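Asks: A predicted structure for the sequence below; I have some questions about it.
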Amino acid sequence: MKISLIQTNPQKDRDENLRVIGDMMLDAVRTDRPDLIILPEYFEYYGGSIEEKLAAAEAAPGGAAYSMASAFAREHGVYVHAGTIMEKVEGEDRIYNTSFVFDREGKQAAAYRKIHMFDIVAPDGTAYKESASVKPGEDIVTYEIDGLKVGCAICYDIRFFELFLQLEKAGCDIIILPAAFTLQTGKDHWEVLARARAIETQTYFVACGQTGATVFGNEKRHCWGHSLVCDPWGHVVAKASDGVGFVTARIDPAQVKRARTLIPMTQHRRLACA
């Protein structure tokens, strides 16, 4: 199975963001003919105030980004793991940060709402308070594509091993994590964490990130990019260059079986984890 990771630099113009990413998805299909296309977190819209984000959120099913991803999957006969979309929540002053997945017919195959909220102060003093505008999800989500089971995670989730242990217990072969990882944390932690998650779950770990700068009010924030694919042994088998672009990798189920045969962790585990 072939997968293509689309790495973009979205801003506050949703129409332009969708045009750019649609062109890149088409380039990936024409060049590499993937079975699955993966988009980054907030690929449809990024930046702006909390009020602007809430105003831009759309109900799902429906909405421009949801409809674009579904239509593309149907037209080109590919699965689309549509990064994350700002899902409007009726009666709430917060949204869900949701990954929607579409099958080859454009039908929704899964929806995962980000569980862990990015409420931190970065090394330079920049404060991030995702929970002010995003409502946490609660459910662990998997789906199947061509006989392989895929687990869902989003950005900050990468730091919480207990989520990935649950995905491993659920029988996942691949774990996909769209992200808008900050430059400051990404340069030190992105690849280390991705490789660790691949090794401990013995899955292909796929991390698709935003790249470049986005303006939030009077502040410019930078995303790390470096979208990558790690195999079940923890090797980085594909990585995007700096800047906007895409990278394609081949998923080999035999490598999952090989890693689990060489080191049968599931048979050796002695400590329970809920």
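Replies: Okay, I see it.

Asks: which ones are touching the spatially most central residue of the chain?
Replies: When Cα atoms, centre = their mean is applied to the chain, the residue found nearest the centroid is Pro178 (1.4 Å). For Pro178, the contact set (Cβ atoms under 8 Å, 6 or more residues apart in numbering) comprises 38-41, 43, 81, 83-84, 99, 154-155, 208-209. Yep, even glycine has a C-beta here, placed from its N, CA and C like the rest.

Asks: okay if I get these as TSV plus pLDDT?
Replies: Shown next, in TSV, are the contacts of Pro178 (pLDDT from 0 to 100):
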residue	pLDDT
Ile38	99
Leu39	98
Pro40	98
Glu41	98
Phe43	98
His81	98
Gly83	98
Thr84	98
Ser99	98
Ile154	98
Cys155	98
Cys208	98
Gly209	98
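
Asks: tell me which element the residue nearest to the centre of the chain is part of?
Replies: strand 174-179 (DSSP states H and E).

Asks: got it, and Arg104?
Replies: If you go by DSSP H and E, Arg104 is not part of any helix or strand.

Asks: Phe205 too?
Replies: strand 204-209.

Asks: And for Asp93?
Replies: Using DSSP H and E, Asp93 sits within no helix or strand.

Asks: Next, count neighbours for it.
Replies: By the criterion of other Cβ atoms under 10 Å, Asp93 has 11 neighbours.

Asks: thinking it is in contact with Leu54, fair?
Replies: Yes. Asp93 is in contact with Leu54 according to Cβ atoms under 8 Å; the separation is 6.7 Å.

Asks: on that earlier part again, in the sheet, which residues pair with the residue nearest to the centre of the chain? Tell me.
Replies: Cys208 (DSSP bridges).

Asks: per-residue pLDDT, it?
Replies: Here, the pLDDT recorded for Pro178 equals 98.

Asks: ok, now how distant is it from Ile158?
Replies: 11 Å (Cβ to Cβ, to the nearest Å).

Asks: do the same with Tyr128
Replies: According to Cβ to Cβ, Tyr128 and Ile158 sit 15 Å apart.

Asks: What values do phi and psi take at Gly234?
Replies: Main-chain torsions, Gly234, degrees, to the nearest 10: phi 90, psi 10.

Asks: Numbering from 24 from now on, please.
Replies: Happy to do that; since the first residue is 24 now, the last one works out to Gly257.

Asks: Pull the contacting residues for it.
Replies: Counting by Cβ under 8 Å, 6+ apart, Gly257 touches Arg218, Ala219, Ala221, Ile222.

Asks: Name the pair among those with the greatest separation in space.
Replies: Distances among these were taken as Cβ to Cβ; the most separated pair is Ala219 and Ala221, at 7.3 Å.

Asks: before we move on, the earlier item: please identify which of Tyr151 and Ile181 sits among more neighbours.
Replies: The neighbour comparison of Tyr151 against Ile181 (other Cβ under 10 Å) goes to Ile181, with 23 against 17.

Asks: what about the nearest residue to Ala145 once chain neighbours are set aside, helix or strand, and which?
Replies: Setting aside the residues directly before and after it, Ala145 is nearest to Gln207 in space (Cβ to Cβ, 6 or more residues apart in numbering), at 5.1 Å. Using DSSP H and E, Gln207 sits within helix 206-224.

Asks: what pairs with the nearest residue to Val164 once chain neighbours are set aside across the strands?
Replies: Closest residue to Val164 apart from its sequence neighbours, by Cβ to Cβ, 6+ apart: Tyr135 at 3.9 Å. Following DSSP bridges, Tyr135 is listed with bridge partners Ser122.
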